[in-house]
Structures are given as C-alpha cells and as structure tokens.
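J.: next one to model:
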Amino acid sequence: MTDHHTYGTSTHTVGELVRLVSDCLGLVFTERDSDYRGVYHLVSSPNGRIEIQPNPIPGDDGEDDLYAPEHPAAQVLLLTTTPVAEPALQARLGSIEGLIHLKHETV
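T.: Down below sits the predicted model:
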C-alpha cells in the first residue's frame, strides 16, 4: 500500500513553500530539473518522498500545461508519497498557512 497526498497553494511561490516546509519538517530539499516537469524540489528517504513543484509545467507546444489540471487555481503543488498513512506528517503540513489539501489516494 502506498499513500499519496496532493496539496496546493496560490499564496506561496515554489521557493517560499520549500522554505516553509523545510522549516516545519526539518528537511533539506534538492532542486531537480526535468524536461517533463521543469524545475522541482525533492526530499526522498526510506519513509517516503515530498516534492514541491509549480503546477504550470513546460508543454510540448511551447505553452505551459498544468501538472494537476483538476486544480488550476493551485500555482504550486506539494506531493507526498509514503509507504503507509502518516497522520503526523499530514497534520504538520496542514498547519502551513495557505497550503490546502487537494487530494488523497491510497494504492
């Protein structure tokens, strides 16, 4: 079983959200660059991964596409993937002002 959560914000920039989450959770993000996703920030450990990225991503036609088109108002996304549900993590992320829980999926 894998637990996925998607959060979004239109209040914070990617950089601001990286700083807020780093301070809240005591984590250090690594900046990554992807042809598909553009620039995003990642923390990965055996306990799971947290990614922060812009919702607008580079499109094939030179126009930006949305990574999460079902949430067009969210300019920045935070994605968590953990092997099991992590209520403490979700509670701490929920305490960040302007960060809204958008979706939960367990597979």
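
J.: secondary structure class for the residue of the chain most remote from its centre?
T.: Among residues of the chain, the one most distant from the C-alpha centroid is residue 61; the distance is 24.7 Å, by Cα atoms, centre = their mean. Classification of residue 61 by DSSP: H, G, I helix; E, B strand; the rest coil places it in coil.

J.: what's near enough to touch it?
T.: By Cβ atoms under 8 Å, 6 or more residues apart in numbering, the contact list for residue 61 is empty. In short, each C-beta sits where N, CA and C put it, glycine included.

J.: for residue 51, which non-adjacent residue is spatially closest?
T.: The spatial neighbour of residue 51 that comes closest, neighbours along the chain excluded (Cβ to Cβ, 6 or more residues apart in numbering), is residue 79 at 4.5 Å.

J.: no, scratch that, I was asking about residue 65
T.: residue 59 (4.1 Å).
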